[in-house]
Each structure stands twice: as C-alpha cells, then as structure tokens.
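Student: Need coordinates for the following:
(one chain, ligands or ions: 2)
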Amino acid sequence: MKVPTRSSRYSFNLKIFKLHNDKKPNSPNSPPTSPVISAKRNSWRASWRSALGSGSKSKTPANGCDMNGLPEDAVDAADAAESTLFERSRCYSSSSSASASASASTSSASNDQLLPAIQIPQGDELMSMPWFGMDIGGTLTKLVYFEPKDITPDEQDREAGILRNIRRYLTKNSAYGKTGHRDTHLQMDNVEIRKRRGSLHFIRFQTTDMGNFLSLAKQKGMAELVTTVCATGGGAFKFEQDFRDQVNMKLAKFDELDTLIKGILFADLHNCTECYYYENARDILKSEKREFNFSQPFPFILVNVGSGVSILAVYGPDNYKRISGTSLGGGTFLGLCCLLTGCTSFEEAIQLATKGDNRKVDKLVKDIYGGDYNRFGLPGDLVASSFGQMHLNDKRVSVSREDLANATLVTITNNIGSIARMCALNEKIDKVVFVGNFLRVNPISMKLLAYAMEFWSNGTMKGLFLEHEGYFGALGCLLQFNGELAAALSDGGDHTSHPDADSEPTTPKSTDEPPEKSPLSPTSQHSTR
Ligand SMILES: Nc1ncnc2c1ncn2[C@@H]1O[C@H](COP(=O)(O)OP(=O)(O)OP(=O)(O)O)[C@@H](O)[C@H]1O
Ligand SMILES: CC(C)(CO)[C@@H](O)C(=O)NCCC(=O)O
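Tutor: Ligands and ions are numbered 1, 2, ... in the order given. As a prediction, the model looks like this:
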C-alpha cells in the first residue's frame, strides 16, 4: 500500500513547489507560469476507489508495505540476466479491490469529481475464467493473466480440465514457444479483481509470433473455453479476423491510451514501489533509483515509448489528451542498432550499448568550442551533433559496434527527452512519467531521461518511471472486464473511439483533432532547450 507520509517525498514536492514559486517570472529556463500542485490529498483515489466499489483502504495492509512503504517481503524472482542489470524489490498491497471500470462516456471533468459506480456484468459467461488482458503492439504483444488463488475445493472439482491445464501451463513456465516470456519478477500477488483474489502474471512475445500464439492457444483448448478476449493496441484491429478464424475468439477492443492510464493507476494503487525516480539525476554515474510517492499523480505528462512514442497530458483518471508523438522510438533504436551493429535482439543491443561510448561517434559541444558554450549554458560534454563524427573516415574506422549501439541509444533517448520536456513546459506540468518496453532492462535511457528532465528544467521537472514498464495497456485491458466489456460486446466488440466519433471535450479519447506534431524538429532541439 502506498503511504503518503514519506518525508523525503514531501521534501521533493516542496522543493519543486518552492522552485516554481521562487522563480523569476522571465527566467529563460522557467515555464511561463508555475504548475499548480494540488493541496488536496488523495481525493482522486477516494473517488476512484469508490467507483471501483472497493471501500476504504486499510492503513496497515495485510501484506506488502509497512508504514514507511518499505518492502516487507522483497521477492527476488528476477530472471538472472535481467536482475544483474536492474535490481527490483516488490511489495504489493492486498487492501483494495481492483476492478477499474469508470466508462469513458461518463468521464470526470475534474480530478475530484466522483465517478459512476461500476456495473458488474450479469452474464456468467463474462465472468468465467480465464481472465486475460492483451495489448497487441507494433513490436511486442503483452498478456496479463489473472490466476485465481481463492479456488474452493468445490470449485476445484468443477474446474474444467482445460482451464486447469491453461492455468498450470501459464503459471508453471516462464518461457513459451520461440519468443514468449513471463516476467516473473513483475508478478503481483494477492490482488483482488471482481471480488476474486489471486496473482497477476505478465507475459510478452513478439507480435510477429502471433500465428504461433494462435496455434498454441488452439492446441491448449482455449477456443473451447474462451469466446471473447479483451484486447488493445493496433494489433487488436489487425489480427481481429485471425482470432475469429483460427480460434473462434471475438476481440473486445479497447483504446490503447485509455487502458494505458487505467493500468498505471491500478498498478500504483496496488504496488507501493511501482513508481520511482533517480536521486542525484544530475550526476548520471551517481544517480540511484528511489521510490516515489505517486499518490497524487495529477497532472502528469505520460511518455509511452513503444515502437513509436505517444505523449499524453493526464489530468485525471478519465481526463487526458494526446499532445504529441514521435516516430523516433524504441523501434527506431532497435532497427538502427541492428543495421549498424549486426545485433539481432533488443537484449543484445542494450548489452552492446552498455559497453560503448557515444563520444566516439557524436560531435560534442567541446569538439566544436574547445570547451563549454557558456553564453547559452551548453556544457562541453553535451552532444552538439548526434553521429556528427561519422562523416570522417578515420573516426569511422575506429568506432566499435558497442560505440555505435551506445550512440544510437543516446540519440533516440535524448530526442525523446527533449520532446517530452517541451511538452511538459507547454502544459505547465512538472511530473513526466516514462513507460513502455523501450525502458526494459535499459537503465542507461532511464538515467539519461532523468538527467534531461532535471538539468534542462533547472530542477523544476521530475522524470518518473514505473516498474511494470510496458504492461499497463494489457493490465488496463484486463480491468475493463466490468461494465465496459458488456458494452463492448453489445456494440459489436469495439470499445475504442474512432476518428469520426464525437469526442468529449474533457476526455479527448477520439482522434478528431489533427494530431499535433512534435514541437521540435530533430535539428532544432538544442537551441530550444
Ligand atoms: N524482447 C524485446 N524484443 C523486441 N523489442 C523489445 C524487447 N524488449 C524491449 N523492447 C523494446 O520495446 C519496444 C516495444 O515497446 P512496447 O512493447 O511498449 O511497444 P509496442 O506496443 O510494441 O509498440 P507500439 O505501442 O508503438 O505499437 C521495442 O521497439 C524495443 O525498443
Ligand atoms: C501509432 C502508435 C500510437 C501505436 O502504438 C505509436 O507507435 C505512436 O504513437 N507512434 C508515433 C506517431 C507520431 O508520430 O505521433
């Protein structure tokens, strides 16, 4: 359970508040007006929780965190390769119910407005197991599976063999087929969803393996058990017919950005160590991961770094807008890295980047000025031109694959950081949350983003990160199982907004408005910082 009274967290909020208020009005690095930090505490949570029908949250959860939000039982289940890169500890709350449900059409106009009560679907078929949420993205498909742990002996007797086999198959293995992988270190235990208690399992595979996934699902008898799968992401549209034809499954489609936000809020409510930041972000070598109290999240900028990048301004659980995006995302990093280094996987690309040095590839300010460019506060070590040395033959022949991988990672990350910061400045928001699988096993990028937010805003903005990185869309989708699933089924299975649909002014879910492009051209970033 998240405990708000953490002195270091308060001091961080106070520091930001002070910086905003102390700032001289026309300081070149300051936003035109200070972002408002709400004095109301946890009010959105109370209303959200009441909308979920989960009652009040106990202050001393049965498991999970102590009153300082520290892990009571740190579970080290990380895969060996991943845990060497990134250490994680867990502490999950058991105290609140879990079904996210507020429907888009009744979205709140402000953070504090009460949301409508959930409608639990009546039909047993909607409630029957197994419960999945699926996010079929441009590169990776994410699957969140709810494993009930409160099965009574009676229920066990009645549990169909197929259902039992699926449950065992998913929870006893951590690798499936060629690219399937269960992120065991992310498992959430003792979670309550729709009055059932159990564990959430997080599974991913390459979207290019969808054919194999469907064959496996068929082979395991899923088609006889599951009639409807809640799905989000572009693939929910692209593969809809394949699901129908190959496994006789209908997709109840949900919008990827709606479910992303729902998943984030749910995960943070249930995991007191979900959100973190980097202390000493200005010194990348010394910066260290620390928990962040995200109990008052709104407003925040959300940067979803998947194959491409979507940037949202989030004002409440059902109140957000997509303010920008860029095609230079995780897919670009992986694609360029494969081209430049001959690597064949994301993990290999990150391993190479960890050992490389971008300064052999990029042109730095000091390569041009001989030192800092003081007049505009550009340090000598700042990248002036990404890959800017690679037109020189002698430099080109002396760089390694590792240097090229590192430079590619730094280029893509800095560009995302720069656009995100401009968006935050524009919206006058000081919290910038980065998610998406690009950040998987990728502390280099997270530290760089934390540095970029802190340095270029003079400490007034904070880069924040979330443990379940790329799984929020799938998680949010699983939670949609309530009233919205019934709606999705009755209206033909599509619960997303279309560009030609009417949009709610306070809930810009549809894509009516022409998409705003990134405020920066890739070549103009430094001068606009
Ligand atoms: N095992 C992996 N295989 C491929 N890419 C990976 C892997 N792990 C992390 N990544 C990174 O994550 C990115 C995909 O992230 P994510 O799953 O969040 O997006 P997506 O849903 O596939 O894409 P989009 O949202 O743009 O449709 C890849 O482009 C790559 O940079
Ligand atoms: C197309 C999506 C939304 C798919 O998740 C994502 O890849 C993205 O936001 N790409 C960037 C598109 C843009 O330039 O705004």
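
Student: For the longest strand anywhere in the chain, which outside residues touch it?
Tutor: Longest strand in the chain by number of residues, with DSSP state E as the criterion: strand 196-206. The contact list for strand 196-206 (C-beta atoms under 8 Å, 6 or more residues apart in numbering) reads 94, 139-150, 170-171, 176-183, 186-191, 213, 437, 468, 470-471, 474-475, 478. The way it works is simple: take the backbone N, C-alpha and C, and place the C-beta from them, glycine included.

Student: Quick check: which of those are also close to ligand 1?
Tutor: Thr139, Leu140, Asn437, Gly470 (C-beta under 6 Å from any ligand atom).

Student: and these, which of them are in strands?
Tutor: Leu140.

Student: Could you work out the most separated pair of the ones next to ligand 1 among the contacts of strand 196-206?
Tutor: Thr139 and Gly470 (9.6 Å; C-beta to C-beta).

Student: Pick out whichever of those two has more residues nearby.
Tutor: Set Thr139 next to Gly470 and count neighbours by other C-beta atoms under 10 Å: Gly470 wins out with 27 against 20.

Student: Disregarding residues adjacent in the polypeptide, which is nearest to that one?
Tutor: Excluding the flanking residues, the one nearest Gly470 by C-beta to C-beta, 6 or more residues apart in numbering is Asn437, at 3.3 Å.

Student: Next, count neighbours for Ser345.
Tutor: 13.

Student: Name every strand pairing with the longest strand of the chain and say which way it goes.
Tutor: strand 140-148 (antiparallel), strand 180-182 (antiparallel), strand 188-193 (antiparallel) (DSSP bridges).

Student: Does the first one reach ligand 2?
Tutor: Spelled out, it's strand 140-148. No: applying C-beta under 6 Å from any ligand atom, one finds strand 140-148 separated from ligand 2 by no less than 11.0 Å.

Student: Need the contact partners of that strand.
Tutor: Contacts to strand 140-148, defined as C-beta under 8 Å, 6+ apart, come from residues 129-135, 167, 170-171, 191, 193, 196-207, 209-210, 213, 233, 235, 306, 437, 470-471, 473-475, 477-478.

Student: The same query, at a cut-off of 6 Å, please.
Tutor: Here strand 140-148 makes contact (C-beta atoms under 6 Å, 6 or more residues apart in numbering) with 131-135, 170-171, 193, 196, 198-205, 207, 437, 470-471, 474-475, 478.

Student: Count the residues that sit near Val314.
Tutor: Residues near Val314, counting by other C-beta under 10 Å: 25.

Student: make that Leu392, sorry
Tutor: Neighbour tally, Leu392, other C-beta under 10 Å: 11.

Student: Next up, the contacts around Ala474.
Tutor: Contacts of Ala474 were listed using C-beta under 6 Å, 6+ apart, and they are Gly133, Met134, Asp135, Lys142, Val144.

Student: Mind pulling the model confidence for Ala267?
Tutor: On pLDDT, Ala267 comes in at 96.

Student: Can you tell me the SS state at it?
Tutor: helix (DSSP: H, G, I helix; E, B strand; the rest coil).

Student: about what we covered before: of the ones next to ligand 1 among the contacts of strand 196-206, just say which sits nearest to ligand 2.
Tutor: Nearest to ligand 2 among those is Thr139, at 9.3 Å by C-beta to the nearest ligand atom.

Student: is it true that the closest one touches Gly308?
Tutor: No: the criterion here is C-beta atoms under 6 Å, and Thr139 misses it with Gly308 at 9.7 Å.

Student: for the stretch 251-400 of the chain, what spans make up the strands?
Tutor: For the stretch 251-400 of the chain, applying DSSP state E, counting those that start in this stretch gives strands covering 275-279, 288-291, 300-305, 309-316, 319-326, 363-364, 383-385.

Student: returning to what we had before: can I get the ones next to ligand 1 among the contacts of strand 196-206 in a markdown table with pLDDT?
Tutor: What follows is these, written out as a markdown table (pLDDT from 0 to 100):
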| residue | pLDDT |
| --- | --- |
| Thr139 | 98 |
| Leu140 | 98 |
| Asn437 | 98 |
| Gly470 | 98 |
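
Student: How about the closest residue to ligand 2 within the stretch 51-200 of the chain: what's its closest non-neighbour residue?
Tutor: Per C-beta to the nearest ligand atom, Gly138 is where the stretch 51-200 of the chain lies closest to ligand 2, at 5.6 Å. Closest residue in space to Gly138, ignoring its immediate chain neighbours: Ser307 at 3.6 Å, by C-beta to C-beta, 6+ apart.

Student: Surely that neighbour touches Thr207?
Tutor: No: the criterion here is C-beta under 6 Å, and Ser307 misses it with Thr207 at 9.3 Å.

Student: Is there a neighbour count for Thr171? I'd like the number.
Tutor: 15.

Student: Against Glu147, how distant is it?
Tutor: Noted for Thr171: a distance of 5 Å to Glu147, by C-beta to C-beta, to the nearest Å.

Student: repeat for Val432
Tutor: Distance of Val432 to Glu147, given as C-beta to C-beta: 34 Å.

Student: Regarding the chain, what is its longest helix?
Tutor: helix 401-427 (DSSP state H).

Student: For the nearest residue to Glu347 once chain neighbours are set aside, grab the count of nearby residues.
Tutor: Nearest residue to Glu347 in three dimensions, chain neighbours excluded: Val441, at 6.7 Å (C-beta to C-beta, 6+ apart). For Val441, the neighbour count with other C-beta under 10 Å is 19.

Student: Next: Asp381.
Tutor: Neighbour number of Asp381 under other C-beta under 10 Å is 11.

Student: before we move on, what about Glu402?
Tutor: Neighbours around Glu402, by other C-beta under 10 Å: 17.

Student: so what's the closest residue in space to Arg322 that isn't next to it in sequence scoring on pLDDT?
Tutor: Nearest residue to Arg322, sequence neighbours excluded (C-beta to C-beta, 6+ apart): Leu312, at 5.3 Å. Note for Leu312: predicted pLDDT of 98.

Student: What of the one 5 residues further on?
Tutor: At Pro317, the model reports a pLDDT of 93.

Student: Which residues are in contact with whatever residue of the stretch 51-200 of the chain ends up closest to ligand 1?
Tutor: Residue nearest to ligand 1 within the stretch 51-200 of the chain (C-beta to the nearest ligand atom): Gly137, separated by 1.8 Å. Residues near Gly137 by C-beta under 6 Å, 6+ apart: Gly233, Gly306.

Student: same check, this time on Asp372
Tutor: Counted by C-beta under 6 Å, 6+ apart, Asp372 has contacts Pro379, Gly380.

Student: Can you pull the residues of the stretch 1-150 of the chain lying near ligand 2?
Tutor: Gly138.

Student: how about low-confidence regions in the stretch 1-150 of the chain?
Tutor: Filtered on pLDDT under 70, the stretch 1-150 of the chain yields the residue ranges 1-127.
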